[in-house]
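[1] Any chance you could fold what I've pasted below:
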Amino acid sequence: MSGVVPGRAAKAAIVIAAVLVVGGGAAYFWSQRIDGSSDPLRLYGNVDIREVQLAFRQPGRLAEMAFDEGDAVRVGTRLAALDAQPYREALAAASAAAQVAEAELAKLRRGLRPQEIKQAKETLKQAQAVAEDAERNYLRQSSLLASGASSARTVDGARAARDQAAARVEAAKAALSQASEGFREEDIAAGEARLAAARAAEALATTALADTELQAPSDGTVIARVREPGSMVTSQSTVYSLSLDKPVYVRAYVGEPDLGRVAPGGAVRVTSDSSGKVYHGRIGFISSRAEFTPKTVETTDLRTDLVYRLRIVIDEADRDSALRQGMPVTIEVDVESGTGKSARGR
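    Next up is the predicted model:
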């Protein structure tokens, strides 16, 4: 009997140890499932570099193409130019028309010249003298009518001449008043409107002339040279394709079960198959709408499922020419940072 008890005690100790090991493992497993934030979340995506299709706003003959494919350019660099002669001539014509409108408005505002006012006064004096003579002749012929020395027809002619002379006096007075007061406010307003229209046409011609030069909107690399000098181009016809140096994005997708493990601002590490360099970035955008996994995106389980699109912004200090458009990359999300825990802890 004494030999049996120790054997049973040994077996019991083994069973207890096994239970403790299994229980500890289970507790660790469940703690990891509950916390779940210690392991990085791995996603897959593609580099997404913005491209710009550059075109002139004006049509014309292409006179200059200054860069070739692969050339790096800076913002504001002159890339191409149209033959500007037609636009220079159009600007000259518009400027001349604006000067004419400005002169006409100045004339309206100043009114008539002193010489023209004096001429109106003299015309009035002449009309008054003629009217006085006509009045005297009418009175004389009227007085002779009773004695038969003048006929009724002569008196009627004298009366008509008197009335006509009086009308010319009133017309001369009105002309003098107009010359003294200047032009009407409506005429001046119309002149101002004509000048504004002429200046607007001049500004439009100036803009059109400036549009004959095509400048780089941002730092980038020429990836396509579409036209050559001598070609006739229409407005909005692409002549260059420019790949922008910044920002550099990575487009990735996260499955719905892992959506709670990422958040805007979360830190990520990006690697590619072409080099061992690790690029750092931040989650900049998470789509609020679910979609089916694109065929070009591979997840670890290779299933078609609902996913949410992410946009990751590569840190400016890490950007280089090794990241190219469409390149497949692997993204590791710092889950603690991605869910905002590190932001509170730091």
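[2] Could you use CA atoms for every contact and neighbour count after this?
    OK.
[3] most residues in a single strand of this protein, which one?
    In the chain, with assignment by DSSP state E, the single longest strand is strand 238-255.
[4] And the helices in the stretch 201-346 of the chain?
    Using DSSP state H, counting those that start in this stretch, the helices of the stretch 201-346 of the chain run over 335-338, 341-345.
[5] what's the least confident stretch among the ones you listed?
    Averaging pLDDT over each of the helices of the stretch 201-346 of the chain singles out helix 341-345 as the lowest, with a mean of 36.
[6] Only the C-alpha atoms, please, for the longest strand of the chain, written as PDB.
    The C-alpha trace of strand 238-255 is given here as PDB (Å, rounded to 0.1, in the frame of the first residue of the first chain):
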ATOM      1  CA  THR A 238      -2.800  67.700 -73.600                       C
ATOM      2  CA  VAL A 239       0.800  68.400 -74.400                       C
ATOM      3  CA  TYR A 240       2.500  67.100 -71.300                       C
ATOM      4  CA  SER A 241       1.700  64.600 -68.600                       C
ATOM      5  CA  LEU A 242       3.300  65.500 -65.200                       C
ATOM      6  CA  SER A 243       3.800  63.200 -62.300                       C
ATOM      7  CA  LEU A 244       3.700  65.200 -59.100                       C
ATOM      8  CA  ASP A 245       6.500  64.800 -56.500                       C
ATOM      9  CA  LYS A 246       4.200  65.300 -53.600                       C
ATOM     10  CA  PRO A 247       2.200  64.200 -52.000                       C
ATOM     11  CA  VAL A 248       2.800  60.400 -52.400                       C
ATOM     12  CA  TYR A 249      -0.100  58.300 -51.500                       C
ATOM     13  CA  VAL A 250      -0.600  54.600 -51.000                       C
ATOM     14  CA  ARG A 251      -4.000  53.100 -51.700                       C
ATOM     15  CA  ALA A 252      -4.900  50.100 -49.600                       C
ATOM     16  CA  TYR A 253      -8.000  48.300 -48.300                       C
ATOM     17  CA  VAL A 254      -8.900  47.000 -44.900                       C
ATOM     18  CA  GLY A 255     -11.400  44.300 -44.200                       C
END
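[7] residues of it that come out buried?
    The neighbour-count check on strand 238-255 (16 or more other Cα atoms under 10 Å) flags 238-246, 248-255 as buried.
[8] Tell me how many other residues crowd residue 224.
    17 (other Cα atoms under 10 Å).
[9] ok, back up a step: from the contact counts, what lies against the longest strand of the chain?
    strand 41-55, strand 220-225, strand 306-314 (3 or more Cα pairs under 8 Å, 6 or more residues apart in numbering; DSSP states H and E).
[10] Name every strand pairing with the last one and say which way it goes.
    What it means is strand 306-314. Within its sheet, strand 306-314 is paired with strand 238-255 (antiparallel), strand 279-286 (antiparallel), strand 291-292 (antiparallel), according to DSSP bridges.
[11] Relative to residue 198, which of the ones you listed is closest?
    strand 238-255 (32.1 Å; Cα to Cα).
[12] Show me what counts as buried in stretch 119-139.
    Buried, per 16+ other Cα under 10 Å, within stretch 119-139: 120-121, 123-124, 127-128, 130-131, 134-135, 137-138.
[13] for stretch 268-288, that is, sorry about that
    In stretch 268-288, counting by 16+ other Cα under 10 Å, buried: 268-272, 279-284, 286.
[14] now stretch 72-80
    When burial is assessed from 16+ other Cα under 10 Å, stretch 72-80 yields the following buried residues: 72-74, 78-80.
[15] Render the CA-only coordinates of it in PDB, please.
    Below are the C-alpha coordinates for stretch 72-80, written out as PDB (Å, rounded to 0.1, in the frame of the first residue of the first chain):
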ATOM      1  CA  ALA A  72      12.400  66.900 -63.400                       C
ATOM      2  CA  VAL A  73      10.700  70.300 -63.300                       C
ATOM      3  CA  ARG A  74      10.000  72.900 -60.600                       C
ATOM      4  CA  VAL A  75       6.800  74.800 -59.900                       C
ATOM      5  CA  GLY A  76       6.500  77.800 -62.300                       C
ATOM      6  CA  THR A  77       9.000  76.400 -64.800                       C
ATOM      7  CA  ARG A  78       8.100  77.300 -68.400                       C
ATOM      8  CA  LEU A  79       7.400  74.000 -70.100                       C
ATOM      9  CA  ALA A  80       6.000  75.000 -73.500                       C
END
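[16] List the contacts of the residue nearest the centre of the chain.
    Computing the C-alpha centroid of the chain and ranking residues by Cα atoms, centre = their mean puts residue 217 first, at 11.9 Å. Residues near residue 217 by Cα atoms under 8 Å, 6 or more residues apart in numbering: 75-76.
[17] Look up phi and psi at it.
    phi -80, psi -20 (degrees, to the nearest 10).
[18] quick one: terminal-to-terminal distance for stretch 202-220?
    34 Å (Cα to Cα, to the nearest Å).
[19] my bad, should have said stretch 270-285
    End-to-end for stretch 270-285, by Cα to Cα: 16 Å.
[20] what does it contact?
    For stretch 270-285, contacts defined as Cα under 8 Å, 6+ apart pick out 263-269, 310-315, 318-319, 327-332, 338.
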